[in-house]
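Q: what shape does this take:
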Amino acid sequence: MEWFSLSLVFLISLLILHRAGEQIVKSLERLSRIMGVSKFTISFFVMAIAASLPNLFIGITSAIQGIPELSLGDILGSNIIDLTLGISLAILFTRGNILSTQKKLIQTSAIFTLAAAVLPLFLIHDGLLDSGDGVVLIAFFLIYIYWLISKRKHHPETHPPEEDAKVISTIKFTLVDMAKILVGVALLFFAAQGVVWSVIQMAQLAQLPIIFIGMVLVGLASSLPEIYFAVVSARRGETDMILGNLMGSVIIPTSVVLGIVAIIHPISVTNIPLIDISRIFIVAIAVLFYFFARSQKQITKKESWILLALYLIFVLVVFGNN
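A: The predicted model follows:
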């Protein structure tokens with residue numbers, strides 16, 4: 001009965017996280033159209049940031065409660081999922097089963113994605129991710145944002161403001177969207193509390209390390225918004241939005257969220273075998289993603305199967321070590 005109750009709280013909390021995140025994404029996207037923001041900008045600054053909100057609230061909540069390892073597991077798991085399962089599903093639903101990476105903006109962003117995935121693993125080599133490391137991670141994000149803004153000339157506007165003249169002329173639409181965003185953020189916070197509490201209880205009952213639960217279960221749940229958006233974008237042939245979303249969903253949590261968590265509460269990973277396992281897989285997956293994206297300036301269906309196979313192997317290895 002206890003397992004059923006905890007599972008119910010966990011699932012309901014995840015559902016609220018997903019629905020609230022989805023609502024925030026929709027409202028932010030409408031506001032972005034009003035401002036005439038490009039597709040890449042929408043996918044990175046709107047979709048990826050909104051999709052990273054669950055990671056942020058889970059991270060802050062776990063850090064305040066003294067278990068920042070849950071946030072680390074969540075983000076490491078999300079990175080692996082986004083660069084494998086997310087890319088694979090997007091390609092399967094894309095016309096021609098190919099993701100084009102020809103644009104210079106995407107090519108260079110692939111370098112930042114690789115760096116973002118590997119940087120925390122380098123900083124935590126001493127077994128501790130402290131406030132100093134957190135500042136370095138946030139600084140990395142600011143550097144990327146500065147570069148991205150400096151290259152705004154490569155971002156042609158795809159949603160001219162005049163197309164949304166009717167929306168602009170009606171203040172009500174903006175106010176409603178802003179209200180929905182605020183309500184969504186509040187729901188994310190309370191849902192994150194439910195996730196963290198139920199995860200702690202289940203981990204204790206099953207005698208499993210918290211980082212395992214965070215890496216496999218919470219990591220997958222946190223990745224659902226960006227995976228869902230990637231599939232929808234694939235069906236519409238929006239390659240730029242797919243990659244902007246998934247790259248942003250790696251860069252933002254890994255730099256901003258982990259940076260904030262480390263500043264609030266240092267993350268200790270001494271004597272945690274799963275961290276060593278995740279290091280190997282994240283480096284391998286990030287390097288392969290970078291190679292696939294830049295070698296032929298496209299990611300093919302065959303390459304997506306390789307990424308998907310790595311994810312399945314990762315899950316099996318993690319389960320085998322617990």
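Q: pLDDT averaged over whichever helix or strand Trp3 is part of, what's the number?
A: Assigned by DSSP states H and E, Trp3 belongs to helix 2-35. Helix 2-35 comes out with an average pLDDT of 74.
Q: and what of stretch 147-159?
A: Here the average pLDDT along stretch 147-159 is 62.
Q: got phi/psi on Ile299?
A: For Ile299, the backbone dihedrals (degrees, to the nearest 10) come out as phi -110, psi 120.
Q: gap between the helix or strand harbouring Thr61 and the chain center?
A: Per DSSP H and E, Thr61 falls inside helix 49-64. From the chain centre to the centre of helix 49-64 is a distance of 10 Å (C-alpha atoms, centre = their mean, to the nearest Å).
Q: what packs against it?
A: Packed against helix 49-64 by the contact rule (3 or more C-beta pairs under 8 Å, 6 or more residues apart in numbering; DSSP states H and E) you find helix 2-35, helix 69-81, helix 171-206, helix 219-235, helix 239-252, helix 258-264. Glycine gets a C-beta too; all of them are placed from N, C-alpha and C.
Q: CA atoms only: put that helix into CSV for me.
A: Extracted in CSV, the C-alpha atoms of helix 49-64 (Å, rounded to 0.1, in the frame of the first residue of the first chain):
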residue,chain,number,x,y,z
ILE,A,49,14.4,27.1,-21.1
ALA,A,50,10.8,26.2,-20.4
ALA,A,51,11.6,22.5,-20.7
SER,A,52,14.5,23.0,-18.2
LEU,A,53,12.2,24.5,-15.5
PRO,A,54,11.5,21.0,-14.0
ASN,A,55,15.2,20.4,-13.8
LEU,A,56,15.6,23.8,-12.1
PHE,A,57,12.8,23.3,-9.5
ILE,A,58,13.9,19.7,-8.8
GLY,A,59,17.5,21.0,-8.4
ILE,A,60,16.7,23.9,-6.1
THR,A,61,14.3,21.7,-4.0
SER,A,62,16.8,18.9,-3.6
ALA,A,63,19.6,21.3,-2.8
ILE,A,64,17.6,23.0,-0.1
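Q: list the buried ones in that helix?
A: By 16 or more other C-beta atoms under 10 Å, the buried positions in helix 49-64 come out as 49-63.
Q: in a markdown table: the helices and strands packed on helix 49-64, plus distance to Ile275 and mean neighbour count.
A: What follows is the helices and strands packed on helix 49-64, written out as a markdown table (distance: least, C-beta to C-beta, whole Å; neighbours: other C-beta atoms under 10 Å):
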| stretch | distance to Ile275 | mean neighbour count |
| --- | --- | --- |
| helix 2-35 | 23 | 18 |
| helix 69-81 | 8 | 29 |
| helix 171-206 | 16 | 17 |
| helix 219-235 | 14 | 22 |
| helix 239-252 | 18 | 27 |
| helix 258-264 | 13 | 24 |
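Q: for these, which one sits closest to Asp130?
A: Within the helices and strands packed on helix 49-64, the stretch nearest Asp130 is helix 258-264; the backing value is 6.1 Å (C-beta to C-beta).
Q: quick one: average pLDDT of the closest one?
A: Taken as a whole, helix 258-264 has an average pLDDT of 93.
Q: measure Trp147 to Leu119 for me?
A: Distance of Trp147 to Leu119, given as C-beta to C-beta, to the nearest Å: 15 Å.
Q: who's more crowded, those two?
A: Leu119 (17 against 13; other C-beta atoms under 10 Å).
Q: list the contacts of that one.
A: Going by C-beta atoms under 8 Å, 6 or more residues apart in numbering, Leu119 touches 136-137, 140, 254-255.
Q: same question for Ile64.
A: 264-265.
Q: if we use 7 Å, what do you get?
A: Ile264 (C-beta atoms under 7 Å, 6 or more residues apart in numbering).
Q: now Phe292
A: Contacts here follow C-beta under 7 Å, 6+ apart; on that basis Phe292 touches 299, 303.
Q: and whichever helix or strand it is part of with helix 219-235, angle?
A: Assigned by DSSP H and E, Phe292 falls within helix 273-295. When axes from the mean of the first three to the mean of the last three C-alpha atoms, to 10 degrees is applied, the directions of helix 273-295 and helix 219-235 differ by 10 degrees.
Q: tell me the angle helix 273-295 makes with helix 239-252.
A: Orientation of helix 273-295 against helix 239-252 (the same axes, to 10 degrees) gives an angle of 150 degrees.
Q: give me the pLDDT value at the residue nearest in space to the middle of the chain.
A: The residue lying closest to the centre of the chain (C-alpha atoms, centre = their mean) is Ser249, at 3.1 Å. pLDDT for Ser249: 89.
Q: measure the nearest residue to it once chain neighbours are set aside to His125 for me?
A: Distances taken as C-beta to C-beta, 6 or more residues apart in numbering place Glu226 nearest to Ser249, at 4.3 Å, with adjacent residues excluded. Distance of Glu226 to His125, computed by C-beta to C-beta: 28 Å.
Q: residues of the helix holding Phe292 that come out buried?
A: Neighbour counts over helix 273-295 (16+ other C-beta under 10 Å) mark 274-275, 277-279, 281-282, 285-286, 288-290, 292-294 as buried.
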